[in-house]
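Q: Following is a predicted model, sequence given first.
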Amino acid sequence: MKKTSRRDFLKLAGATGAGLLACGAGSALANEGLQVNNEELGMLYDATKCVGCKACMSACKRVNSDYGSLSYEKAKFDEDGLWDAPSDLSGSTRTLIKLFKESEKRWSYVKYSCMHCQKPSCVSVCPVSAMTKEKISGIVDYNKNTCIGCRYCQIACPYNIPKFQWEKAVPQIVKCDLCKATNLREKGITACAETCPAGAIKFGKRKDLLEEAHQRLKDAPDKYVAHVYGEHEGGGTNHLYLASMPFNKLGLPEIKPEAPAEFSEKIQHTIYKGFIAPVALYSTLCFIAVKNMKKHQGHDDDHKKGDK
Amino acid sequence: MGHSEEYQKLEGKIFTKSFFILLSVVLLGFYFVGVRYVKGIGAVSNMSDGYPWGIWITYDVATGTAIACGGYAVAILVYIRNRMQYHPMIRSAILTSMFGYGLAGFSVMVDLGRPWNAYNFFIPSKWQANSAMFEVALCVMAYSTVLILEFLPAILTSIEKSKWERMNAIRNWLHPKIAPDKKTMEDKLEMVRLGALWLNPRLNKVLIFFIVLGITLPTMHQSSLGSLLLIASTKLHPLWHTGFLPLLFLLNCVFIGYSIAILESIISSYSFKRPFEIEELSGLAGLIPFVTVIWLTVVIGDLSYRGQIHAALKGDFYSGWFMTEFLLVGCGSLILFVKKCRRSARWLFISASMIVLGGALYRFNVYLIGFNPGQGWKYFPSFAEVMITVGIVALEILGYKVFVALFPVLPNMDLHGAHKKKGHAKKHKGSEADKTLPAGEAHAH
Ligand code: SF4
Ligand code: SF4
Ligand code: SF4
């Protein structure tokens, strides 16, 4: 109830003084609601199995080098250039293994990469459709030939995934696309999942991954935090996580089940209503302005006559 | 009326000390723009993957366009609320809007990583109506065009009326070496003049529809500037992240717009040493509190509805910024409730400045200060980044100055000069305004 009244208020607000708009805008937009599609492709990362070898990282760079995520990164300490040691996801790194140390005896690896959201914020905000979500596979893909580099996707992504090439004169956004044009096309599996020697990354359909994840939780409840990260976060993601430590400690943010994009789109749609509202506003204002002008013109003529 | 005499004075005014100071600031800014295009945005700015939007978006676009909303706010007043007595203010307001929006557009081109792809905005298959930015971009582009159209009559009239010797003189004076011989120039100028004569009445007939478009478009994109941050539900501090962002941004640009119109008038009166337009200003000032009170009510009502009042009063970093913004707007409006203050140029100036500052701070709070991507990201603009913004603002002022000199159509110019002339100047300006803006002529045709 409260939500509806708020929406109505916004509707009115869009009109500023032209209250008529509320009528013109018509009834509330049918609430599409978010349907989770479990047939989409995704990955399950089990932090308890990961040994931190970072083979997945180098595989990703090797395979996808033509798609922007190419260069090896020097760390500050690395004067001889012997390490590939990115400190975070970046314009050269699509996936990254980090180590979280709680104490000397308790630590956990964690892998970062695009979560391939069910309802991706980045796709919702991109003004030129450079970020897209594939209908069948659910892959969230980026097209540098369309992107204008506004970086709105970076603002929008709750996981801080898309990265920008700040140091380049011809920059692009870099983020995981499930090896869509490379390993996935050639071998039917992502490079990281194919490479992982410890079986920490499982590639497959979301429904199978979810089933597997819950099975693992059931089989070894002591080992895990009883939560599959990504099952409901932000409307659900196709990249799922199991871990032995609270996910927020691993740098995965706590996100409500409602997708941020649902909230913003609802309001945006309410205001614009497929362009009925702006047109209504425009015609209302035209009506008022023309009427006022005629009135004024009358005054003006009187005035002029008086002058003469 | 001594046109040429007046004109001389303006000619003398172009190359002043301030002109060269501004010019050097512009050049410095453009040097950094050059660096940005050669070495990438990272080379000049402190923006990062955590703070992908810095002051270019926050100030130049989100705040600058609100400050440029004087034209919008005054147009609502004149054409929608039918307060024709504010008509004389509209042209200078529109001119400022034109430069403000031009500035925003320019800085977007500096900020975009891949500007050469911007043509995608015009390809329907690439349109993404869910994106608030798509809406902002299209509206801002359309509005800039509309602003130029709205201002065009002023230019056309001045061309029509100007004797081409005068144009000739300026041209000679501006470019003594590259000026073509007199004959060709006279012919060309005459053609321009005829063109203006042809276009002006036709434009006047339809101008009201552009003016209304110029009210609709800012209503849309100013609220969408608020919508841009709706998506950042996990990053924007709850003090500012609310479904009311679009409404708050819209109200915010209206009260900033009126306050700016007041400031503009006071400053120009002061610098041209003519009496303050207290009558008009106090009328405008009386309107501002209506808008700010709605704004403040929505802010408080929404905070209590979402149970965030405690966050506002917490006394931490965020609540400090929030309180500053809130008090600036609140106290500024309180002053305007006092009738005596509304009739004092000093108090008008103080309160309008407070409201503009508070309103601008609100936008900074939403776009930068209240934005926290987590993971220890920090942002403070770099020197080069600030200089690019300052350079663009300087360019705007510079452009304004030159523009005023080339097209002497602003009220300021007419009113410039001895006090005795004032009545005469005003009348002249009034009749001109009637001609160029549709009020008088559009329907006479
Ligand atoms: S994680 Fe971020 S970049 Fe990846 S799909 Fe979701 S919103 Fe887009
Ligand atoms: S930076 Fe590119 S991909 Fe990201 S929102 Fe802007 S246009 Fe879309
Ligand atoms: S390849 Fe597998 S085990 Fe090695 S770091 Fe990557 S996920 Fe962990």
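A: The structure has been received and is ready for your questions. As the structure is a computational prediction, the values presented were derived from the model and not from experiment. Ligands and ions are numbered 1, 2, ... in the order given.
Q: quick one, what contacts B:T242?
A: B:T242 sits next to B:L248, B:D302, B:R306 when contact means CB atoms under 8 Å, 6 or more residues apart in numbering or on different chains. Yep, even glycine has a C-beta here, placed from its N, CA and C like the rest.
Q: Look up how far B:Q308 lies from the second one.
A: Using CB to CB, to the nearest Å, one gets 8 Å for the distance from B:D302 to B:Q308.
Q: Closest residue of the stretch 101-250 of chain B to ligand 2?
A: Ligand 2 sits closest to B:G113 of the stretch 101-250 of chain B, with a gap of 6.6 Å, by CB to the nearest ligand atom.
Q: pLDDT score for that residue?
A: Looking at B:G113, its pLDDT stands at 92.
Q: quick one, helices of the stretch 51-200 of chain B?
A: For the stretch 51-200 of chain B, applying DSSP state H, counting those that start in this stretch gives helices covering B:55, B:64-67, B:70-75, B:87-111, B:132-161, B:164-174, B:182-227.
Q: what separates the last one from the chain centre, distance-wise?
A: For helix B:182-227, the separation from the chain centroid amounts to 17 Å (computed by CA atoms, centre = their mean, to the nearest Å).
Q: Next SSE downstream of it?
A: Downstream of helix B:182-227, the next assigned helix or strand under DSSP states H and E is helix B:245-271.
Q: Next, the angle helix B:182-227 makes with that next one.
A: Helix B:245-271 runs at 140 degrees relative to helix B:182-227, counting by axes from the mean of the first three to the mean of the last three CA atoms, to 10 degrees.
Q: Same question for helix B:245-271: list its buried residues.
A: Buried residues in helix B:245-271, counted by 16 or more other CB atoms under 10 Å in any protein chain shown: B:245-266, B:268-269.
Q: Tell me the helices and strands packed up against it.
A: Helix B:245-271 sits against helix A:2-15, helix B:64-67, helix B:70-75, helix B:87-111, helix B:182-227, helix B:278-305, helix B:345-364, with contacts defined as 3 or more CB pairs under 8 Å, 6 or more residues apart in numbering or on different chains; DSSP states H and E.
Q: Now do that helix against helix B:132-161, angle only.
A: Using the same axes, to 10 degrees: helix B:245-271 against helix B:132-161 is 30 degrees.
Q: in the stretch 51-200 of chain A, what residue is nearest chain B?
A: A:G149 (2.3 Å; CB to the nearest CB).
Q: three-state assignment of that residue?
A: Three-state assignment for A:G149 (DSSP: H, G, I helix; E, B strand; the rest coil): coil.
Q: which residue packs closest to it, ignoring adjacent ones?
A: Spatially, and ignoring its direct neighbours in sequence, A:G149 is nearest to B:G113 (2.3 Å; CB to CB, 6 or more residues apart in numbering or on different chains).
Q: Can you verify my assumption that the one you found contacts A:Q154?
A: No - contact criterion CB atoms under 8 Å: B:G113 and A:Q154 do not qualify, at 10.6 Å.
Q: tell me, what's touching those two both at once?
A: By CB under 8 Å, 6+ apart, B:G113 and A:Q154 have these common neighbours: A:F164.
Q: residues in contact with stretch B:381-393?
A: B:25-30, B:32-33, B:35-36, B:44-47, B:54-56, B:59-60, B:103, B:106-107, B:110.
Q: Deepest-packed of the helices and strands packed on helix B:245-271, please.
A: Most buried of the helices and strands packed on helix B:245-271 by mean neighbour count (mean count of other CB atoms under 10 Å in any protein chain shown) is helix B:70-75; its value is a mean of 28.
Q: What is that one packed up against?
A: helix B:87-111, helix B:182-227, helix B:245-271.
Q: if we can go back for a sec, can you add distance to ligand 1 and give the helices of the stretch 51-200 of chain B back as a markdown table?
A: Supplementary listing: these in a markdown table, determined by distance: least, CB to the nearest ligand atom, whole Å:
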| stretch | distance to ligand 1 |
| --- | --- |
| helix B:55 | 25 |
| helix B:64-67 | 27 |
| helix B:70-75 | 34 |
| helix B:87-111 | 20 |
| helix B:132-161 | 15 |
| helix B:164-174 | 52 |
| helix B:182-227 | 18 |
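Q: wait, which of those helices is closest to B:M354?
A: Closest of the helices of the stretch 51-200 of chain B to B:M354 is helix B:64-67, at 14.3 Å (criterion: CB to CB).
Q: helices or strands next to that closest one in the packing?
A: Counting contacts by 3+ CB pairs under 8 Å, 6+ apart, helix B:64-67 is packed against helix B:87-111, helix B:182-227, helix B:245-271, helix B:345-364.
Q: Can you say which of those helices is nearest to B:I76?
A: B:I76 lies closest to helix B:182-227 among those, at 5.7 Å (CB to CB).
Q: any idea of the mean pLDDT for that closest one?
A: In this model, helix B:182-227 has an average pLDDT of 84.
Q: Between helix B:345-364 and that helix, find me the angle.
A: Angle of helix B:182-227 versus helix B:345-364, following the same axes, to 10 degrees, is 70 degrees.
Q: how big is the angle separating helix B:182-227 from helix B:87-111?
A: Here the directions of helix B:182-227 and helix B:87-111 differ by 80 degrees (the same axes, to 10 degrees).
Q: Next, the contact list for the most centrally placed residue in chain B, please.
A: The residue lying closest to the centre of chain B (CA atoms, centre = their mean) is B:A68, at 1.6 Å. Neighbouring residues of B:A68 by CB under 8 Å, 6+ apart: B:T96, B:S97, B:F99, B:G100, B:Y101, B:L103, B:A104.
Q: JSON lines for these, including pLDDT and distance to ligand 2?
A: Converted to JSON lines, those look like this (pLDDT from 0 to 100; distance: CB to the nearest ligand atom, whole Å):
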{"residue": "B:T96", "pLDDT": "83", "distance to ligand 2": "30"}
{"residue": "B:S97", "pLDDT": "88", "distance to ligand 2": "27"}
{"residue": "B:F99", "pLDDT": "87", "distance to ligand 2": "27"}
{"residue": "B:G100", "pLDDT": "89", "distance to ligand 2": "24"}
{"residue": "B:Y101", "pLDDT": "90", "distance to ligand 2": "21"}
{"residue": "B:L103", "pLDDT": "85", "distance to ligand 2": "21"}
{"residue": "B:A104", "pLDDT": "89", "distance to ligand 2": "17"}
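Q: closest to chain A among the residues you listed?
A: Each of the contacts of B:A68 was scored against chain A by CB to the nearest CB, and B:A104 proved nearest at 13.6 Å.
Q: Am I right that that closest one is in contact with B:I67?
A: No - B:A104 is beyond contact range of B:I67, at 10.1 Å (criterion: CB under 8 Å).
Q: Now do the contacts for the residue of the stretch 151-300 of chain B found nearest ligand 3.
A: As assessed by CB to the nearest ligand atom, ligand 3 sits closest to B:T234 within the stretch 151-300 of chain B, at 25.6 Å. Neighbour list for B:T234: A:P158, A:P253, A:I255, A:P260 [criterion: CB under 8 Å, 6+ apart].
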